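Novice: fold the following.
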Amino acid sequence: MPLVHCRQCGKSFGAKPGRIASGRAKFCSRECAAAARRLTRTIQCEWCHKPVPQRKAMQRFCSRACAASAAHAATHGKPPTHRACRTCGATFTPANHADLHCSMQCRISDMQGRGGNGLFEDPWASGAIPPDRYGKDLYRTPDVWLGF
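Specialist: Residues are numbered from 1 along each chain as shown. Here you go, the predicted structure:
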């Protein structure tokens, strides 16, 4: 059997080649393996950079709040620092990725210039749907599902 050095105490011990190949021949005894698990290592939090005792093998953050902040930043990223307004061309700093206009007035004028967004337009008011001549009520009833 090949000789391997214990990672905890440094003593040489014999291990089967299959255990060495799989990476399981690290300690000479269960006592050395338990002592190695009890050792606390200090890592640096990836978000706030504070030193933290490592409790788990894959621990990267000091708290759940730091982990959530890092996940949010990785998912959403940062908005661009400056962008040109779609309507007037003025340079502005957007609050998020979806901001294309510098103000609400520019957004409204852009929607009116393009004919609205089509979500809450009233087809009866525009004449696209004529009233039902044979119905009991010539006045339309609002449709909750369609939004008009």
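
Novice: quick one: average pLDDT of the top helix by length along the chain?
Specialist: When the chain is parsed with DSSP state H, its longest helix is helix 64-76. Confidence for helix 64-76, expressed as mean pLDDT, is 87.

Novice: CA atoms of that helix as CSV?
Specialist: Provided in CSV are the C-alpha atoms of helix 64-76 (Å, rounded to 0.1, in the frame of the first residue of the first chain):
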residue,chain,number,x,y,z
ARG,A,64,-27.7,36.0,5.1
ALA,A,65,-28.1,39.7,4.5
CYS,A,66,-24.7,39.9,2.7
ALA,A,67,-25.6,36.8,0.7
ALA,A,68,-28.9,38.3,-0.4
SER,A,69,-27.3,41.6,-1.3
ALA,A,70,-24.7,39.8,-3.4
ALA,A,71,-27.4,37.7,-5.1
HIS,A,72,-29.5,40.8,-5.8
ALA,A,73,-26.5,42.7,-7.3
ALA,A,74,-25.6,39.6,-9.4
THR,A,75,-29.1,39.2,-10.7
HIS,A,76,-30.1,42.8,-11.3
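
Novice: beyond that helix, next helix or strand please.
Specialist: Next along the chain after helix 64-76, taking DSSP states H and E as the criterion, comes strand 83-84.

Novice: any idea how far whichever helix or strand comes after that following strand is from the chain center?
Specialist: Using DSSP H and E, the helix or strand that directly follows strand 83-84 along the chain is strand 91-92. Here the centre of strand 91-92 is set off from its chain's centre by 26 Å, with C-alpha atoms, centre = their mean, to the nearest Å.

Novice: what's strand 91-92 packed up against?
Specialist: strand 83-84 (3 or more C-beta pairs under 8 Å, 6 or more residues apart in numbering; DSSP states H and E). For every residue, glycine as well, the C-beta is placed using N, CA and C.

Novice: output the contacting helices and strands for the strand it packs on.
Specialist: Packed on strand 83-84, when contacts are counted by 3+ C-beta pairs under 8 Å, 6+ apart, are strand 91-92.
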